[in-house]
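In: Show me the folded form of this:
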Amino acid sequence: MKSYPALGFFPARARPCETGAKPELLYFLICVALLMQLTKDITIWFLCQIYPN
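Out: This next block holds a predicted model:
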């Protein structure tokens, strides 16, 4: 079977690259969300230590 790059028919070479990038992006977004949540919690804790209400 020939490969036709213009039509998007690749035998088995380009498909793992397409699907392999999505979990890494998902993990990156999860890490960013966790870091933002952690930063927010630390900031709130820090402000509560400085200004007790």
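In: quick one: average confidence on whichever helix or strand L38 is part of?
Out: Using DSSP states H and E, the element containing L38 is helix 15-50. Per-residue pLDDT values across helix 15-50 average out to 84.
In: tell me what it is packed against?
Out: On a contact count with 3 or more C-beta pairs under 8 Å, 6 or more residues apart in numbering; DSSP states H and E, helix 15-50 meets no helix or strand. For every residue, glycine as well, the C-beta is placed using N, CA and C.
In: oh, and call the first residue 90 from now on, that's how I've got it
Out: Got it, the first residue is 90 from now on, which makes the last one we talked about helix 104-139.
In: buried residues in it?
Out: For helix 104-139, burial by neighbour count (16 or more other C-beta atoms under 10 Å) applies to no residue.
In: Could you measure from T128 over to V121?
Out: To V121, T128 is 10 Å away according to C-beta to C-beta, to the nearest Å.
In: Could you do E113 as well?
Out: E113 is 13 Å from V121, where distance means C-beta to C-beta.
In: Tell me how far C120 lies from I131.
Out: Shown here: C120 relative to I131, a distance of 16 Å by C-beta to C-beta.
In: next one: V121
Out: Distance of V121 to I131, given as C-beta to C-beta: 16 Å.
In: M125 now?
Out: M125 sits 11 Å away from I131, going by C-beta to C-beta.
In: Quickly list what's touching both of the two.
Out: Common contacts of M125 and I131 (C-beta atoms under 8 Å, 6 or more residues apart in numbering): none found.
In: Check the secondary structure at P141 for me.
Out: Three-state call for P141 (DSSP: H, G, I helix; E, B strand; the rest coil): coil.
In: count of neighbours near it?
Out: 6 (other C-beta atoms under 10 Å).
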